[in-house]
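Asker: Build me a structure from this.
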Amino acid sequence: MDASEAIDRVRSIPLESIDVSDSTIFRDDTLWPFFERLREEAPVHYLAESEYGPFWSITRFGDIKSVDQNHEVFSSEGGITIRDPEEDFNLPMFIAMDPPKHGDQRKVVSPVVAPMNLKELESTIRSRAGAIFDELPRGETFNWVDKVSIELTTQMLATLFDFPFEERRRLTRWSDVATADENSGIVESREHRRQELRECLEFFTALWNERVNEEPKSDLISMLAHGESTRDMDPMEYLGNLILLIVGGNDTTRNSISGGVLALNQFPDEFRKLRSDPSLIPNMVSEIIRWQTPLAHMRRRALADIEVAGQKIKAGDKVVMWYVSGNRDDDVIENPHDFVIDRKGARQHLAFGFGIHRCMGNRLAEMQLRIVWEEILARFKEVEVVGEPVRVLSNFVRGYSDLPVQVR
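Answerer: Reported below is the predicted structural model:
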């Protein structure tokens with residue numbers, strides 16, 4: 001089906017029935033006509049019935065930004081994804097909290113991405129990226145997601161947590177399990193998911209017990225164990241914050257590393273532009289993050305009646321900000337479906353969010369991607385995608401499980 005046929009098919013659906021929470025449109029990369037129609041005809045769109053209950057979709061750049069910045073009306077309490085938390089397995093985390101608790105807990109771990117710490121981490125990231133690239137097979141097909149994107153980000157996560165390095169792939173698994181639906185193929189059932197997350201808590205509780213009896217250090221677990229607003233967390237809140245830090249440090253960067261390779265293959269003129277001018281890498285990093293938008297949405301709950309773009313949202317309503325749509329809004333971004341490494345204002349995207357919940361690790365993510373591409377250009381003539389990417393079945397994580405490539 002070509003693009004025009006896809007648009008015609010989407011336009012044949014009654015507007016009130018359009019459901020952009022359907023994970024299959026993300027897996028199949030057929031989401032764009034749905035969001036295009038909503039931006040044009042119903043930028044603040046209400047769906048009365050869905051797998052996740054009724055919800056509003058916010059799809060235009062400006063409206064998303066205004067909702068994200070208005071934490072007084074749009075609350076994060078009760079979860080950040082379109083799927084409601086399980087009442088008997090609720091995982092509080094600071095991104096899903098309102099002030100003042102949100103700020104108090106965020107402040108505990110934010111030093112890990114302070115400028116001085118990032119400067120110290122840069123050489124570690126570079127040496128690890130170089131080692132990973134030097135071991136890649138030349139002229140043979142391999143899965144870039146597994147050998148590069150996952151490996152590099154998981155090594156970084158293990159460092160931030162001071163997690164046993166030989167066990168680091170557990171972090172990848174727990175990240176996947178935490179964001180997986182029962183129909184994703186990652187977990188067999190809700191109970192299976194809970195079981196693995198309990199194992200995560202058990203493992204990290206042992207690390208907590210070690211760190212809490214030591215002098216405070218600069219790793220995330222020590223920060224949480226000694227932080228004034230986090231040291232008395234109950235186990236489920238500890239697990240919730242762990243999941244937040246694992247997913248935040250893993251999914252976003254790993255899928256942007258893969259997405260950048262795919263984008264440069266789909267837009268080969270941009271790769272030639274990069275080759276001729278490597279100084280474009282920092283700007284390209286922002287364009288990768290916009291183009292990929294590794295987390296498709298964030299959700300809020302209205303605390304009061306409010307009007308957004310002419311639509312009356314009532315107190316208690318679920319409101320979903322579709323970052324993935326806002327980052328393709330052609331009223332704000334010229335030719336938004338194109339990947340343009342020297343795009344002006346590339347950093348003005350929605351992927352990190354706005355306001356008090358703006359991604360804490362955005363500078364670390366940008367630094368990792370910058371180093372990755374500096375090291376790629378130093379070693380390879382090209383990274384060629386030689387097969388179709390396999391995308392994950394998720395309306396939250398826009399990611400890949402398989403990206404077959406060859407390096408030369």
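Asker: can you give me the strands for the stretch 1-150 of the chain?
Answerer: Taking DSSP state E, counting those that start in this stretch as the criterion, the stretch 1-150 of the chain contains strands spanning 44-47, 55-58, 74-75, 142-143.
Asker: can you redo these as TSV with mean neighbour count and distance to L280?
Answerer: (Each C-beta comes from the backbone N, C-alpha and C, glycine too.) Converted to TSV, the strands of the stretch 1-150 of the chain look like this (neighbours: other CB atoms under 10 Å; distance: least, CB to CB, whole Å):
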stretch	mean neighbour count	distance to L280
strand 44-47	20	36
strand 55-58	24	32
strand 74-75	21	36
strand 142-143	17	27
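Asker: ok, S127 - how many residues close by?
Answerer: When counting by other CB atoms under 10 Å, one arrives at 12 neighbours for S127.
Asker: same thing with P164?
Answerer: When neighbours are counted by other CB under 10 Å, P164 registers 11.
Asker: again with the one 4 residues further on
Answerer: Other residues near R168 come to 19 when the count uses other CB under 10 Å.
Asker: Columns distance to I18 and mean pLDDT on top of the strands of the stretch 1-150 of the chain, output as TSV?
Answerer: Formatted as TSV, the strands of the stretch 1-150 of the chain follow (distance: least, CB to CB, whole Å; pLDDT from 0 to 100):
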stretch	distance to I18	mean pLDDT
strand 44-47	7	98
strand 55-58	8	98
strand 74-75	22	96
strand 142-143	34	98
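Asker: Quick one: those strands as CSV, columns for distance to T30 too.
Answerer: Compiled in CSV, these are given as follows (distance: least, CB to CB, whole Å):
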stretch, distance to T30
strand 44-47, 18
strand 55-58, 17
strand 74-75, 29
strand 142-143, 23
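Asker: for the ones you listed, which one sits closest to E182?
Answerer: Minimum separation from E182 across these (CB to CB) falls at strand 55-58, 19.6 Å.
Asker: Using PDB, write down the CA coordinates of the closest one.
Answerer: These are the backbone C-alpha positions of strand 55-58, laid out as PDB (Å, rounded to 0.1, in the frame of the first residue of the first chain):
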ATOM      1  CA  PHE A  55      -8.800   9.400  26.500                       C
ATOM      2  CA  TRP A  56      -7.900  12.700  24.800                       C
ATOM      3  CA  SER A  57      -5.100  12.800  22.100                       C
ATOM      4  CA  ILE A  58      -3.100  16.000  21.900                       C
END
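Asker: what helices or strands is it leaning on?
Answerer: With contacts defined as 3 or more CB pairs under 8 Å, 6 or more residues apart in numbering; DSSP states H and E, the secondary structure elements packing on strand 55-58 are strand 44-47, strand 318-322.
Asker: Skipping adjacent residues, who's closest to G248 in space?
Answerer: Nearest residue to G248 in three dimensions, chain neighbours excluded: G361, at 5.9 Å (CB to CB, 6 or more residues apart in numbering).
Asker: doesn't N395 make contact with S184?
Answerer: No: S184 sits out of contact with N395 when judged by CB atoms under 8 Å, with a separation of 10.8 Å.
Asker: what is in contact with those two at once?
Answerer: Contact with both S184 and N395 is made by residues S23, according to CB atoms under 8 Å, 6 or more residues apart in numbering.
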